[in-house]
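Undergrad: the following comprises the amino acid sequence and a computationally predicted model.
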Amino acid sequence: MSASALLSKSNWSAPVTEDEVTTPRDPAIPPKYTDPAILSIVVQDYEASSAWLNDRRWPLNWNENDLLYQSPRTLAVFEGSSVTRANVSRFSVAKQVNSLAAAITAAIFSDPTPFEIRPRPSSHQDSARAWKELISELLDQIGFKQECGYGIESMVNQGTVIFKGGWETETRMETHYLRKVAPPQVDMPFGQPITVFTEASDEFEAIDLEVTRNRPTFEKCELGTVFVDPTWRSPNQIWKAKWIVHQRFLNYDDLTRLRDNPAYDIPSDEVLRAIFMPDSAEQTESISDTERSLTANTSIHHAAERDDTYSEDPLLKPMEVLEWHSKTDCRVVLQRKCVIRKGGHGLPDKPFFSANYWNIDNAGYGLGCGRIAGSDQRVEQGMLNAILDILAFAVQPEYAVARGANVPTQDQRRRLGGIRMVDGIDASRAISLIQQPQVPPDAWRAIQSVIGSGESATGADQATVQGSIPGRGSSIVRTGTGAGAVAAASSTRLQSPVERFCDGVLIPYLKFLYAMIKERMPISEIRAVLAERTEDLVPDFQDFLEMPVKFEVLAGTNLAARNRMAQSLPFLLEIFSNQALVQQLSETGWKVNVRELANMVMEMSGWKNMRDLIVPMTPQEKQMMMAQSPGAMQAQAKQAEMQQEHQNDMEMEDKKISGRMAVNAADNLHKAAIQSPTERALKFAERVANERTLEQTPFFGGSS
């Protein structure tokens, strides 16, 4: 298709006819639209939403809020002179926005991981912890906290913030370094061998590898770039709108990269170049009247408009892209000329999330500090400048000259103690100062009243947000009850906007991530991301994928939940270290998971070095532990007891043998006592003969 044919066929203002829409009989099959019908639907829906926003003056209110936030100075002079009037900028709205936005962000992200996952009874705790670590790592990689903080500032000021989520698959080349020669190992006489690094082992080879990564996306959308179905009336639930159109601007390189996405049908290079070249591309409307009205005031500082061209390279010219989203479909139109995407988007729902500071009945958009406290800032600024104008008369007074008096007609230098000669009857009144107006005392009280009124209306008063107690004379923090009331008031004031942000942005986006991870992230990538986060967490991936997840946030109504958990942790540790309780649990078949207690302590304390603090034991430490364990000590005691029993048995046996010998000796004596005299005489004679024979031997020394 040539560029001229492509451009000539684009007529987005034409209505959609019946022959351009095909509705099958099976309701499960979605209807089909021709490209001209899709072009008309996308562009006309965009135009209708933009016209509705301008008709209801939403852009005018947003521009006014921005004007109050930046409070630019204007030039005004006194009537009939060139003297500049007072025009001091006041930043009441900006001060309240920054105070409230910081407090809301701190409440939501009191922990780097702003959510908790509770496992169901059928799921394992390791699966819940793996989901938490995986999602936390992905949020860190996309700068989720920073983007939310930027959006919360817009929500507090403008009243509404809109985010867009997504999922992208990126293939890129990454450089890895491989050691050319492994360092040698040297055996030592004692202990483990040591590694010796040499000049050869310190040389590395760079290797480029192609890596494919699946990652989520999250960005804040500026007001005036997202156009919602005008019937949207569900605050903090933008996904309930029937359709949403997002206006973006892409250059030639951005469009060519979309060719890697099979969902897009990007025209050929010839057609794209023809569209980008100014001599052949027809001019079309760029940014909407809605967005242009937000940037029309030159006294407000913003970046250049997105459709402006600041490069001579024609391929860097921004081209309008309109993305139309419904619950199931995504339609994209380039430069209102051709359709580059149509069909299902494969996402759980429309990938947009919104939150309001104050809700409005029967409206999707909300009110912010610009509208709530803007009038108070105007009153404060106007009254302060009026007071400064009055004071200007005091420091630059007017003079009255008597008519007909001989007054010099030319300027003369005045000096202290100088004398000026004048003619007249009453020289003291010939030249005199005019009485100057005085600043009414009520003006200062009115300014203080206006400041307090604005801060109390938005919730940014000093006692609840700014960190200081009420002024002089207040005794609210002199007692524990009063200090608790101040803390409770702070939580209550911030509770509503915090809950709206959690319900409209944080929890829906976490659910979006949960669904997209299960559908589009391979297990190998999940394992790699978990390894970057923690190396000792290897869940059962079947249980991991089948686990139903329920997200909980430690903010909103539970703004002080983390503090209460931290305060109760010492009591839990004391309870579960009670030996009597542990014994009772053991008798009933239960035990205390000490590692889980350690995880609770680390999470509450905020330390992230769990894997360095609690490490596996070495084989030598295991042997020593086994030797010192109660079981080993009981075995040693049992062995000693057995040895003692064996020794006792041996001693008893010796005693039995000695007893038998004594009995035998007694029997022999008894037998000797009952022998006859003849037998004894013969044995005595035999004994005497033996002794004489022994005396005659050389070995017998005799007696001395």
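TA: Noted; the coordinates are in hand. Residues are numbered from 1 along each chain as shown.
Undergrad: just give me the neighbour total for residue 160.
TA: 28 (other CB atoms under 10 Å). Every C-beta, even on glycine, is put in place using the N, C-alpha and C of the backbone.
Undergrad: what does residue 246 give?
TA: For residue 246, using other CB under 10 Å, the count is 21.
Undergrad: go on, residue 227?
TA: 25.
Undergrad: and stretch 651-671, average pLDDT?
TA: Stretch 651-671 comes out with an average pLDDT of 69.
Undergrad: with stretch 169-182 instead?
TA: If you average the pLDDT over stretch 169-182, you get 86.
Undergrad: ok, residue 213 touching residue 528?
TA: No - if you go by CB atoms under 8 Å, residue 213 and residue 528 don't touch, sitting 9.4 Å apart.
Undergrad: so which of those two has more stuff around it?
TA: Between residue 213 and residue 528, counted using other CB under 10 Å, the more crowded position is residue 213 (15 against 11).
Undergrad: now do that one, the pLDDT please.
TA: 87.
Undergrad: helix/strand/coil for it?
TA: strand (DSSP: H, G, I helix; E, B strand; the rest coil).
Undergrad: excluding its backbone neighbours, what's nearest it?
TA: residue 170 (5.3 Å; CB to CB, 6 or more residues apart in numbering).
Undergrad: cool, residue 11 as well?
TA: residue 36 (7.3 Å).
Undergrad: so who does the residue nearest to residue 213 touch?
TA: Contacts for residue 170 (CB atoms under 8 Å, 6 or more residues apart in numbering) come out as 212-215.
Undergrad: wait, isn't the residue nearest to residue 11 in contact with residue 14?
TA: Yes - in this structure residue 36 lies within contact range of residue 14 using CB under 8 Å: 7.1 Å.
Undergrad: which one's more surrounded, these two?
TA: Neighbour count, other CB under 10 Å: between residue 36 and residue 14, residue 36 has more, with 17 against 13.
Undergrad: part of a helix, is that one?
TA: Yes - assessed by three-state DSSP, residue 36 belongs to a helix.
Undergrad: and it, how far is that from residue 147?
TA: Look at residue 36 and residue 147: by CB to CB, to the nearest Å, they are 37 Å apart.
Undergrad: for residue 101, same thing?
TA: In this view, residue 101 and residue 147 are 13 Å apart by CB to CB.
Undergrad: of the two, which one has the most company?
TA: A direct count of neighbours by other CB under 10 Å for residue 101 and residue 147 places residue 101 higher, at 23 against 15.
Undergrad: what about residue 171, helix or strand, and which?
TA: Assessed by DSSP states H and E, residue 171 sits inside strand 160-179.
Undergrad: that strand pairs with which strands?
TA: If you go by DSSP bridges, strand 160-179 pairs up with strand 204-221 (antiparallel), strand 352-356 (antiparallel).
Undergrad: residues near residue 158, how many?
TA: 27.
Undergrad: list phi and psi for it.
TA: phi -80, psi -20 (degrees, to the nearest 10).
Undergrad: how about it: what's its closest non-neighbour residue?
TA: residue 368 (4.8 Å).
Undergrad: what do you get for residue 358?
TA: Excluding the flanking residues, the one nearest residue 358 by CB to CB, 6+ apart is residue 367, at 4.1 Å.
Undergrad: got a list of what residue 269 touches?
TA: Counting by CB under 8 Å, 6+ apart, residue 269 has contacts residue 256.
Undergrad: state the distance from it to residue 333.
TA: 20 Å.
Undergrad: got the CA coordinates for the helix or strand hosting residue 253 in CSV?
TA: Using DSSP H and E, residue 253 sits in helix 252-257. Coordinates of each C-alpha in helix 252-257 appear next as CSV, following Å, rounded to 0.1, in the frame of the first residue of the first chain:
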residue,chain,number,x,y,z
TYR,A,252,10.1,6.6,14.1
ASP,A,253,12.4,4.5,16.3
ASP,A,254,9.6,3.8,18.8
LEU,A,255,7.3,2.6,16.0
THR,A,256,9.9,0.3,14.5
ARG,A,257,10.6,-1.3,17.9
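Undergrad: list the buried residues for the next helix or strand along the chain from it?
TA: Downstream of helix 252-257, the next assigned helix or strand under DSSP H and E is helix 269-276. For helix 269-276, burial by neighbour count (16 or more other CB atoms under 10 Å) applies to 271-276.
Undergrad: residue 135 versus the most centrally placed residue in the chain, what's the distance?
TA: With distances taken as CA atoms, centre = their mean, residue 145 lies nearest the centre of the chain, 3.9 Å away. Distance, residue 145 to residue 135, by CB to CB: 13 Å.
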